[in-house]
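Enquirer: below are the sequence and a predicted model for it; my questions follow.
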Amino acid sequence: MNPHALFIIIISLATGTITVFLSNHWILAWIGLEINTLAIIPLMTKTPHPRAIEAATKYFLIQAAASATILFSSTVNAWLTGEWSINNLSHPAANITLTIALAMKLGLAPLHFWLPEVLQGLTLQTGLILSTWQKLAPMALLIQLSDTTNLTLLMTIGILSTLLGGWGGINQTQLRKIMAFSSIAHIGWMASVLKLAPNISLFNLLIYLLMTTAMFTTLISLSTKKISDLSMAWPKTPALTALSMLTLLSLGGLPPLSGFMPKWLIAQELIKQDLTAFATVILLSTLISLFFYLRLSYIMALTLAPSPSVSSSSWPLSNPTQAAPLITTALALIPLTPTLMSLMP
C-alpha cells in the first residue's frame, strides 16, 4: 500500500476514536464511529482476495446497521427528552436499542456471528487492529452509559458471550477464528461487570488489549495462520515460543499470570453484589475457553514438527522488541494491579 495512503488511513482511525472519546453529543460520537469504520475498510481490501472483499463487505454492512441503530436511538431519546448529551440517555427504549447496537459493533453475543468470519478473511496485521483499536470507541460509549444501562440486558449479553465465545473456539483450527472467539469471551466479561464497577471493566479492557496485541505480534512474527503451523515454532524461535505459551495461559486466566487478575476482581465484585450464581456460571464458562488455550499451548511448546526444521534456531531473538509485550502481559502486571486500579476513574 502507498505510504501516503497508509498514513492517511492511520490518522483517520486515530481521529475517529479520539472524536468519540472527546464527544459529549450523540451526533459527534456517531460521526467518530463512522470515520473509524470507513478508515479500516481500505486496510481490509488491500489484499485483492475474494475472502478479504467478503470480509470487508460483511464488516461494512454490520457496522452500517449498528451505526443506523445508534443514530435512530439517540434521535428518539432527543425527541422524547430534549437531550442530545451522551450521559442523559434516560428513555428506556432508546437505552436498550443503543446498548444492543454497541454490542453489535463490539461483536458481543448473540450478535457475534460476523466477527469470526470477518477476522478470518483479513491479514494478521489488520486483524490486530480490528481486535484491539476498533474496540476502544464502542467500549468508551458503553462505559459512559454504565450508569443508565439496563443491568439485566448487560448481564445477559455478558454470560452469552462468555459461553458462546468459549464454545465456538473449541473446534476451530484457524488461529484468527480462535482469536475472534477469544475476543467475544473477554468482552463478555467486561459487559458483565460494566454497570456494577466500570473501573474494573476498564482495567479488564486494558489487560485484554495488551494480551491480544502480544498474541497477534507473535502470530505475525511466526507467520502462522493455522494450529498445525504452531508445531514449527519451537525449532525456529524457542524463546519467543516459551513466552507465547505464557501469553496463551494468561489469556486463559490462569494464576499467577496477569490475565487472572481481572477475572478475580470481576468474580469478587459479582459475589459482593449477591450474584453468586451468576459468578459461578461465568467462572465455569472460563473452563470452556481454557480448553483451546491449553490446546494451543500444548501444540506450540510441547510438540515438535514431524520433520526437523532446516532453519537455524535463534535463542537471542532477531528483534527483541517482539518479546517485550509478551513479557509485560505474562509476568509483569500482577504486582502493578493496585497501581493500575487506582488510576482507573
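Expert: Thanks, I have the structure now.

Enquirer: so where's the protein uncertain?
Expert: Low-confidence segments of the chain, defined by pLDDT under 70, are located at 304-333, 335-336, 340, 343, 345.

Enquirer: per-domain residue ranges of it.
Expert: 1-147, 150-345 (automatic domain parsing).

Enquirer: dump these to TSV, plus mean neighbour count.
Expert: Where you see a C-beta, it was placed from the backbone N, CA and C, and this is true even at glycine. Below are these laid out as TSV (neighbours: other Cβ atoms under 10 Å):
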stretch	mean neighbour count
domain 1-147	18
domain 150-345	19
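
Enquirer: the residue most central in space within the chain: what secondary structure?
Expert: A centroid search over the chain (Cα atoms, centre = their mean) returns residue 183, at 4.1 Å, as the residue closest to the centre. Here residue 183 takes the helix state, with states given by DSSP: H, G, I helix; E, B strand; the rest coil.

Enquirer: ok, it - contacts?
Expert: Contacts here follow Cβ atoms under 8 Å, 6 or more residues apart in numbering; on that basis residue 183 touches 107, 115, 131, 135, 165, 208, 212.

Enquirer: doesn't residue 214 make contact with the third one?
Expert: It stands for residue 131. No. Counting by Cβ atoms under 8 Å, residue 131 does not reach residue 214; the two are 11.8 Å apart.

Enquirer: what's the following helix or strand after the longest helix along the chain?
Expert: Counting residues, the longest helix found in the chain (DSSP state H) is helix 50-81. Later in the chain than helix 50-81, the nearest helix or strand by DSSP states H and E is helix 92-106.

Enquirer: give me the contacts around that following helix.
Expert: Residues contacting helix 92-106 (Cβ under 8 Å, 6+ apart): 33, 62-63, 65-67, 69-70, 72-74, 76-77, 80, 89, 111, 135, 138-139, 141-142, 145, 148-150, 153-154, 157, 187, 191.

Enquirer: how does it look with 6 Å?
Expert: With Cβ atoms under 6 Å, 6 or more residues apart in numbering as the test, helix 92-106 has contacts from 66, 69-70, 73, 76-77, 89, 111, 138, 141-142, 148-150, 153, 157, 187.

Enquirer: which residues in the stretch 151-300 of the chain form strands?
Expert: Taking DSSP state E, counting those that start in this stretch as the criterion, the stretch 151-300 of the chain carries no strands.

Enquirer: where does residue 334 land in three-state SS?
Expert: coil.

Enquirer: taking the contacts of residue 183 one by one, which sit in helices?
Expert: Counted as lying in helices by DSSP H, out of the contacts of residue 183, are 115, 131, 135, 165, 208, 212.

Enquirer: distance to residue 179 added to those, as TSV?
Expert: Below are those laid out as TSV (distance: Cβ to Cβ, whole Å):
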residue	distance to residue 179
115	10
131	6
135	13
165	11
208	11
212	7
